[in-house]
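Colleague: Take a look and give me a structure for this.
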Amino acid sequence: MQLSGKRLLVVSNRLPIVVIKDGEQWKVEPSSGGLITALTPVMRENRGIWVGWPGCGPEAPATSLLDEYNAKQDYELKAVVLTAEDVEKFYRGFSNRTIWPLFHDLLSLTACPENSAVSHLILRYKATSPFSNETTSQ
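Modeller: Numbering: from 1, shown residues only. Here you go, the predicted structure:
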């Protein structure tokens, strides 16, 4: 699916990789899943930018690891770094307890954790503010 010279921007809960600590070293490992499998070829073909959480905290050198990873890819990954509180309220709370069940037809499992709407708004700001100039210029 070629987008005739335009770049594709994907903003998702997680990146298609995870940054993990293996002993004393940090490294990037590919994630698995249907969304990743479906979107990766499209991202490559359209020089895409994929924005999301790399699965690690602020102590990880996510930016430098992603710079190295991006140099070997036909698309870019941009990390939104989450604090432990962000992970708990947004990722485990709002995303996994509210959004995921809604989009997977599991309404009986849908919950609205306390402060989840506020967490969602804060994370939307964190995810978009670093890239606002970049995305409008590309």
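Colleague: For residue 18, which non-adjacent residue is closest in space?
Modeller: residue 55 (3.8 Å; Cβ to Cβ, 6 or more residues apart in numbering). For the C-beta atoms, the positions are set from N, CA and C on the backbone; glycine is no exception.
Colleague: Look at that neighbour and report its pLDDT.
Modeller: pLDDT for residue 55: 90.
Colleague: Could you do residue 123 as well?
Modeller: The model's pLDDT for residue 123 equals 62.
Colleague: What of the one 3 residues further on?
Modeller: At residue 126 the predicted local confidence, pLDDT, stands at 63.
Colleague: picking up where we left off before, list the contacts for the residue nearest to residue 18?
Modeller: Residues in contact with residue 55 (Cβ atoms under 8 Å, 6 or more residues apart in numbering) are 14-15, 17-20, 31.
Colleague: Of those residues - the most surrounded one?
Modeller: residue 15 (25 neighbours; other Cβ atoms under 10 Å).
Colleague: wait, doesn't that one sit right on residue 52?
Modeller: Yes: in this structure, residue 15 is within contact of residue 52 by Cβ atoms under 8 Å, at 4.2 Å.
Colleague: quick one: common contacting residues for these two?
Modeller: Joint contacts of residue 15 and residue 52 (Cβ under 8 Å, 6+ apart) are 77, 79.
Colleague: give the contact list for the residue located most distally from the centre of the chain.
Modeller: Within the chain, residue 108 marks the point farthest from the mean C-alpha position, 26.4 Å out by Cα atoms, centre = their mean. If a contact means Cβ under 8 Å, 6+ apart, then residue 108 has no contacts.
Colleague: That one in helix, strand or coil?
Modeller: helix (DSSP: H, G, I helix; E, B strand; the rest coil).
Colleague: just to revisit the earlier point, name the SS class of the residue nearest to residue 18, please.
Modeller: coil.
Colleague: Now do it against residue 37, distance only.
Modeller: 18 Å (Cβ to Cβ, to the nearest Å).
Colleague: how far does stretch 8-23 sit from the chain's center?
Modeller: 5 Å (Cα atoms, centre = their mean, to the nearest Å).
Colleague: ugh, wrong one, I meant stretch 6-13
Modeller: With Cα atoms, centre = their mean, you get 10 Å for stretch 6-13.
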